[in-house]
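Novice: only geometry, no sequence info:
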C-alpha cells in the first residue's frame, strides 16, 4: 500500500487597505478650531476641518486625555450621543477599508462605551471597556471594517450610543482606503490517504 500525505489548507478572503493613502480629509482631527482640554461642538458644526456634526453634539478633545497621536481626538458623546460625518469620493462596486483607533472616556458610571460606524449599506457596532484605563493611559486599540461603495460618493458616519451621559467612545486617526482582497490561510493539517 502507498501512503500519500496531503496538506489541506482553508483560505479566507480578507479585505486589506491598499496603501496608507487616506481618502478622508483630516482623519486625525488635527485641523480646525483650536481646543484646550475639550470643546463641545453642536449639530451642523464644521469646526473640525472636513467633518460635520450631524446629530446632537460631540467633543473635540485636546489636553483632557492621552491622544493616540497628535494633539486632538474625538469623544462621540459630548453632553449626549452625537454623530460626526464626512462625505468622500468613491467608485460604485469598489471595496473600501476603514481603520481607526478606539478608546473610551474613562469617566461616567458605565465602563463599556458603545458606538457604530456606517458607510454605504454597512453599519458596524463597536465597544470599548475602560476598566483599568485612565485619561493618562487610554488603552487605544485599532479597529476596522470594510464596505462596498454604492455611489460616486459615500458618507462615513461615526455615532455614539449608550447612556447619553457625556462619557463616550474616543476616536482617533480614521483612515479610508481602497481595499484589496488577499487570501489568508486560516488553518492547515495533514491528511494521510492509503492506496493499494
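Specialist: Good, I have the coordinates. Bear in mind the structure is a predicted one, so any value in this text is a computation, not a measurement.
Novice: Now do the strands in the chain.
Specialist: Assigned by DSSP state E, the chain shows strands spanning 2-17, 38-42, 52-55, 57-61, 73-75, 83-89, 95-104, 112-119, 122-129, 141-148, 153-161, 169-195.
Novice: what sits up against stretch 128-142?
Specialist: By Cβ atoms under 8 Å, 6 or more residues apart in numbering, the surrounding residues in contact with stretch 128-142 are 64-66, 68, 99-106, 111-113, 169-170, 172. Placement of C-beta: from N, CA and C, glycine included.
Novice: Quick one: neighbours of residue 79, just the number.
Specialist: 14 (other Cβ atoms under 10 Å).
Novice: Setting the sequence-adjacent residues aside, check what's closest to it.
Specialist: Closest residue in space to residue 79, ignoring its immediate chain neighbours: residue 166 at 5.2 Å, by Cβ to Cβ, 6 or more residues apart in numbering.
Novice: just checking, the one you found touches residue 81?
Specialist: No. Here residue 166 does not reach residue 81: they are 9.6 Å apart, not a contact under Cβ atoms under 8 Å.
Novice: and these two? which has more neighbours close in?
Specialist: Neighbour comparison, residue 166 and residue 81: the larger count goes to residue 81, with 23 against 17 (by other Cβ under 10 Å).
Novice: Enumerate every residue touching the more buried one.
Specialist: Neighbours of residue 81 in contact, by Cβ under 8 Å, 6+ apart: 55-56, 159-162, 164, 168.
Novice: which residues pair with it across the strands?
Specialist: Going by DSSP bridges, residue 81 is paired in beta bridges with residue 77.
Novice: Report the separation between it and residue 94.
Specialist: For residue 81, the distance to residue 94 equals 31 Å [Cβ to Cβ, to the nearest Å].
Novice: tally of neighbours for residue 53?
Specialist: 22.
Novice: Next one, pLDDT for it please.
Specialist: For residue 53, the pLDDT comes out at 98.
Novice: Tell me how far the nearest residue to it once chain neighbours are set aside lies from residue 158.
Specialist: If you skip the residues right next to it in sequence, residue 53 has residue 45 as its closest partner in space, 4.4 Å away by Cβ to Cβ, 6+ apart. As judged by Cβ to Cβ, residue 45 and residue 158 stand 14 Å apart.
Novice: Residue 60 reaches residue 48, doesn't it?
Specialist: Yes. Proximity of residue 60 to residue 48 meets the contact threshold set by Cβ under 8 Å, at 5.9 Å.
Novice: Show me whatever sits in contact with both of these two.
Specialist: 29, 32-33, 41, 74.
Novice: Of these, which pair is most distant in space?
Specialist: Using Cβ to Cβ, those reach their maximum pairwise distance at 33 and 74, which is 13.1 Å.
Novice: who's more crowded, those two?
Specialist: residue 74 (26 against 12).
Novice: hang on, the earlier thing: select only the buried ones of the contacts of stretch 128-142 in ChimeraX?
Specialist: Typed into ChimeraX, the line below selects the buried ones among those, using 16 or more other Cβ atoms under 10 Å:
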select :64,65,66,68,99,100,101,102,103,104,105,106,113,169,170,172
